[in-house]
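[1] Give me a model of this one.
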Amino acid sequence: MDEALRAVADPTRRAILVLVRDEEVSAGDIARGFPGISRPAVSQHLRILVTAGLLDVRRAGNRRFYRMRRQGLAEAATFFESMWSAPLNRLKQVAEEEESAEGSP
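    Numbers count the residues shown, from 1 in each chain. Model (predicted):
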């Protein structure tokens with residue numbers, strides 16, 4: 001989880017994940033989406049995302065295609081959900097207790 005969180009801490013890498021979230025995209029097309037960043041820098045970002053388990057890569061000849069690995073963020077998502085679910089469950093319990101108290105004579 002730590003490696004995935006470090007990887008998504010960078011805004012460029014988050015933008016890459018958005019680009020490949022729903023479809024497989026070639027490395028060239030990803031690089032064209034970042035005109036202010038050199039191709040080698042984009043390649044480095046892609047390597048970091050692959051190493052962190054957030055991207056799958058498929059090679060076809062000399063081209064590489066990337067797609068998001070949703071399970072790569074599953075552990076982090078579970079962690080963040082747990083941070084929200086306990087307080088929300090407590091809020092629900094308090095609201096139900098107040099509603100019940102208001103309804104009693």
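[2] tell me the mean pLDDT over stretch 47-57?
    Stretch 47-57 carries an average pLDDT of 96.
[3] From the chain's centroid, how far away is that stretch?
    Relative to its chain's centre, stretch 47-57 lies at 12 Å (C-alpha atoms, centre = their mean, to the nearest Å).
[4] ends of it, how far apart?
    Chord length of stretch 47-57, first to last residue, is 10 Å (C-alpha to C-alpha, to the nearest Å).
[5] nearest residue to the spatially most central residue of the chain other than its sequence neighbours?
    Nearest to the mean C-alpha position of the chain, by C-alpha atoms, centre = their mean, lies Leu73 at 5.5 Å. Spatially, and ignoring its direct neighbours in sequence, Leu73 is nearest to Ala4 (6.0 Å; C-beta to C-beta, 6 or more residues apart in numbering). Backbone N, C-alpha and C define where each C-beta goes, glycine included.
[6] per-residue pLDDT, that neighbour?
    Note for Ala4: predicted pLDDT of 90.
[7] re earlier: from memory the residue nearest to the centre of the chain sits against Leu5, does it?
    No: taking contact to mean C-beta atoms under 8 Å, the distance of 9.2 Å between Leu73 and Leu5 leaves them out of contact.
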